[in-house]
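> Compute the structure for the input listed below.
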Amino acid sequence: MKYQELASEILAGVGGRDNVKSLVHCATRLRFKLRESSRANAEALKKNPGVIMVVESGGQFQVVVGNHVGEVYKALSAQVGLGDDAPDTREENKKENLLSRFIDIVSGIFTPLLGVMAASGILKGFLALSLACGWLLESSGTFKLLFAASDALFYFFPIMLGYTAGKKFGGNVFITMAIGGALTHPLIMSAFEASQQPGVQPEYFLGIPITFINYSSSVIPIIFAAWLSCRLEPLFNRVIHSALRNFVTPLMCLVITVPLTFLLIGPAATWLSHLLANGYQAIYAFNPIIAGAFMGAMWQVCVIFGLHWGLIPLMINNMSVFGRDTLSPLLLPAVMGQVGATLGVMLRTRDAKLRVMAGSAFTAGIFGITEPAVYGVTLPNRRPFIIGCIGGALGGAVIGYFHTAVYSFGLVSIFTFAQIIPASGFDATVWGAIGGTLVAFLFSAIASYLFGIVPAVDQEVAVAPAENAPLNRRQLVTSPIAGDVIPLEQVEDATFASGLLGKGVAIVPHQGRVVAPVNGSVVSLFKTRHAIGIESDQGAELLIHVGIDTVKLDGLHFTAHIKEGDRVKQGDLLIEFDLEAIRAAGFDTTTPIIVSNSDDYVDVLSSGHSPVQEVAPLLTLLR
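Numbering: from 1, shown residues only. Now for the predicted structure:
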């Protein structure tokens, strides 16, 4: 399915444009904030072949679509002007509980930066690996340029967070960026370095002593400062004349917020950040093995409910306070445990559709994107997900025992191995991370291969039944359209051609009529009338999709003669369409006829006859 069509269906599934307050996306998910959750149809979205899973958590309606989330997001934005620039309605947010608001704020601030944070962290890791292996010298120009590229984001982190926090809090992002710039200004950095020398006299702002702190790479101070600026901004806009508002409001925000940040917000937020970091360190030091096992087992559960966002600032804060983070390595076995479980399912299953999905999810999981693996493979089959969590616990305990740390922030993936190398080079912490990850991956892969797939559920069989199978195990589907029959693989649409929606054939129509191919009920009729779903009395679920991308016609040239819920008999007229007008509009009229529940059948066989007439034999379904 093309991204535009999928975007339209998702938008309809969340209750339409007027039900959406805001939309952002992360690596695999569209994150909606809805005005009324009751208007969304989560069950219908879950059945959409382009949707992996729907999760409602943290005050967000999350639609997991996989690695092409960026393209779907662009299609949504292009269709209805929806995106992360949409205004955030503060009155409605007040109805949410504290946890939901916290998760929403954190995800909104950090999501836009995740990609470049991961890239910067990976580059830092490879530079550390190059130094440890002697491939580069720290004094070389090559190292200096690449290090600057890898370190720029983190050095100027307050400026970047000033932008995303300003957008999230609904203020002028350039004011909040200027506040972040003040925190990292060379004059302030020089004053901080001077303040570290013994005997240096303190400096004052209007008689109040200034506490200079190194805010480079800091997280919490700029977020609080941006929040304050965004609260002051509307107050000044209400009392300042419109002719002066454009420069007086920013002036007042800067004059008030910047000094207040250095005098109060910064020291208080820095104290809080150290408190959080030391609190985590105390828990970790109590028993790193238990901490590793717990995080290895529970991380993917947190990901499912979107609760993992609450830990992202803690990881970044650990890097800012200590220069290293021991939490991120504990998550590596959790990720690779699900990857291993996915591999085990892929190698064991005889379900062709599940094998293809597992192969794709396995590749994505290696690079840190586990949602396709979890929602598409391990969680639906239950056992592999549990096995992956157990593997994550075992591997996390090993890594906790060796006190492994990362020295640059990035998404947990195979590249994390380049980020765990300390300045002293390879040591036991590195080998512990490798060993713990291998334990999680191998245990999960082997256990899922042996025990992950329930034989009764693994529906594909090695040998197809004979042609003289009993009649009660065969079902005939007749042709709903007169035309030329072509294999599904020749359809100019990857989703249909790949068989992801199910097995079947396609017909190039000779006339603009669709009739019922079976006796049954109409279970779905697209509002654009270009596609219809029918369930036969014997349980076959059929999808008839007239044309490719014809959803864009918005019902033009289509006439429906039935409605959802109607009973139909084989040969009844369902839809009429203007064949020539659709072709003149530039659309391919090739019509796939899909058995949506193909996995319930041993095989779906084509009659092999072309051309075919209405109600002539088209498909034979074998149980």
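
> Going by C-alpha atoms from here, please, whenever you check contacts or count neighbours.
Will do.

> low-scoring stretches of the protein, by residue?
Scanning the chain for pLDDT under 70 picks out the ranges 1-2, 26-27, 57-59, 67, 79-100, 102-103, 305-310, 454-473.

> Tell me how many other residues surround the closest residue to residue 433 other than its chain neighbours.
Spatial nearest neighbour of residue 433, excluding adjacent residues (Cα to Cα, 6 or more residues apart in numbering): residue 399 at 5.3 Å. For residue 399, the neighbour count with other Cα atoms under 10 Å is 33.

> Which elements pack onto the helix or strand containing residue 399?
In this assignment (DSSP states H and E), residue 399 forms part of helix 383-401. In terms of contacts (3 or more Cα pairs under 8 Å, 6 or more residues apart in numbering; DSSP states H and E), helix 383-401 is packed against helix 288-304, helix 327-348, helix 428-447.

> angle of it against helix 428-447?
Helix 383-401 runs at 160 degrees relative to helix 428-447, counting by axes from the mean of the first three to the mean of the last three Cα atoms, to 10 degrees.

> neighbouring contacts of stretch 38-49?
Contact partners of stretch 38-49, identified using Cα atoms under 8 Å, 6 or more residues apart in numbering, comprise 9-10, 13-15, 19, 51-54, 500-501.

> Would you mind giving those as TSV with neighbour count and secondary structure added?
Output for the contacts of stretch 38-49, formatted as TSV (neighbours: other Cα atoms under 10 Å; DSSP: H, G, I helix; E, B strand; the rest coil):
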residue	neighbour count	secondary structure
9	19	helix
10	25	helix
13	19	helix
14	26	coil
15	19	coil
19	18	helix
51	20	coil
52	22	coil
53	24	strand
54	22	strand
500	17	coil
501	20	coil
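
> among the residues you listed, which two are most distant?
The most widely separated members of the contacts of stretch 38-49 are 19 and 500, with 30.1 Å between them, by Cα to Cα.

> could you give the angle of the helix holding residue 399 to helix 288-304?
Computed with the same axes, to 10 degrees, the direction of helix 383-401 lies at 140 degrees from that of helix 288-304.

> What residues of helix 383-401 count as buried?
383-401 (16 or more other Cα atoms under 10 Å).

> Same check on stretch 123-137?
123-132, 136.

> Redo those residues as a markdown table? Include secondary structure and distance to residue 621.
Formatted as a markdown table, the buried residues of stretch 123-137 follow (DSSP: H, G, I helix; E, B strand; the rest coil; distance: Cα to Cα, whole Å):
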| residue | secondary structure | distance to residue 621 |
| --- | --- | --- |
| 123 | helix | 53 |
| 124 | helix | 56 |
| 125 | helix | 54 |
| 126 | helix | 54 |
| 127 | helix | 58 |
| 128 | helix | 59 |
| 129 | helix | 57 |
| 130 | helix | 59 |
| 131 | helix | 62 |
| 132 | helix | 61 |
| 136 | coil | 63 |
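
> Out of the residues you listed, flag the one nearest to residue 483.
Each of those was scored against residue 483 by Cα to Cα, and residue 123 proved nearest at 56.3 Å.

> Could I get the contacting residues of that closest one?
When contacts are counted by Cα under 8 Å, 6+ apart, residue 123 touches 146-147, 150.

> any chance of the residues you listed in a markdown table, plus distance to residue 526?
Shown next, in a markdown table, are the contacts of residue 123 (distance: Cα to Cα, whole Å):
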| residue | distance to residue 526 |
| --- | --- |
| 146 | 53 |
| 147 | 54 |
| 150 | 49 |
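
> Quick one, which of the residues you listed are buried?
Applying 16+ other Cα under 10 Å to the contacts of residue 123, the neighbour count classes 147, 150 as buried.

> So which of the contacts of residue 123 sit within helices?
146-147, 150 (DSSP state H).

> Just give me the closest of these to residue 24.
Using Cα to Cα, these come closest to residue 24 at residue 150, 25.5 Å.

> That closest one is in contact with residue 120, isn't it?
Yes - using Cα atoms under 8 Å, residue 150 makes contact with residue 120 at a distance of 4.5 Å.

> for the stretch 201-350 of the chain, what spans make up the strands?
Assigned by DSSP state E, counting those that start in this stretch, the strands in the stretch 201-350 of the chain fall at 204-205, 208-209.

> can you check the stretch 1-150 of the chain too?
Going by DSSP E, counting those that start in this stretch, the stretch 1-150 of the chain shows strands at 20-25, 29-34, 53-57, 60-64.

> Of the contacts of residue 123, just say which sits nearest to residue 35.
The closest of those, once distances to residue 35 are taken by Cα to Cα, is residue 150, at 39.9 Å.

> For the closest one, which residues are in contact?
119-121, 123-124.

> Need the max-distance pair from those residues.
Maximum distance among the contacts of residue 150 (Cα to Cα): 8.6 Å, for 119 and 124.

> got the CA positions of stretch 256-271 in CSV?
What follows is stretch 256-271, C-alpha atoms only, in CSV (Å, rounded to 0.1, in the frame of the first residue of the first chain):
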residue,chain,number,x,y,z
ILE,A,256,14.3,37.8,33.2
THR,A,257,14.9,34.1,32.3
VAL,A,258,18.7,34.2,31.6
PRO,A,259,19.7,35.8,35.0
LEU,A,260,17.1,33.7,36.8
THR,A,261,18.6,30.6,35.2
PHE,A,262,22.1,31.3,36.3
LEU,A,263,21.0,32.4,39.8
LEU,A,264,18.3,29.9,40.6
ILE,A,265,17.1,27.5,37.9
GLY,A,266,20.6,26.3,36.9
PRO,A,267,22.0,25.6,40.4
ALA,A,268,18.7,24.0,41.5
ALA,A,269,18.3,21.9,38.3
THR,A,270,22.0,20.9,38.5
TRP,A,271,21.5,19.8,42.1
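
> Give me the distance from that stretch to the chain's centre.
On the basis of Cα atoms, centre = their mean, to the nearest Å, stretch 256-271 is displaced by 35 Å from the centre of the chain it belongs to.

> Can you give me the buried ones in that stretch?
For stretch 256-271, burial by neighbour count (16+ other Cα under 10 Å) applies to 257-259, 261-267, 269-270.

> Any chance of CSV for these, columns distance to residue 286?
Shown next, in CSV, are the buried residues of stretch 256-271 (distance: Cα to Cα, whole Å):
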residue, distance to residue 286
257, 40
258, 39
259, 40
261, 35
262, 35
263, 35
264, 33
265, 31
266, 30
267, 28
269, 26
270, 24
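
> nearest to residue 430, of these?
Nearest to residue 430 among those, with distances taken as Cα to Cα, is residue 270, at 30.5 Å.

> Show the contacting residues for the closest one.
Contact partners of residue 270, counting by Cα under 8 Å, 6+ apart, are 220-221.

> distance of it from residue 506?
From residue 270 across to residue 506, the span is 64 Å (Cα to Cα, to the nearest Å).

> same deal with residue 556?
According to Cα to Cα, residue 556 and residue 506 sit 22 Å apart.
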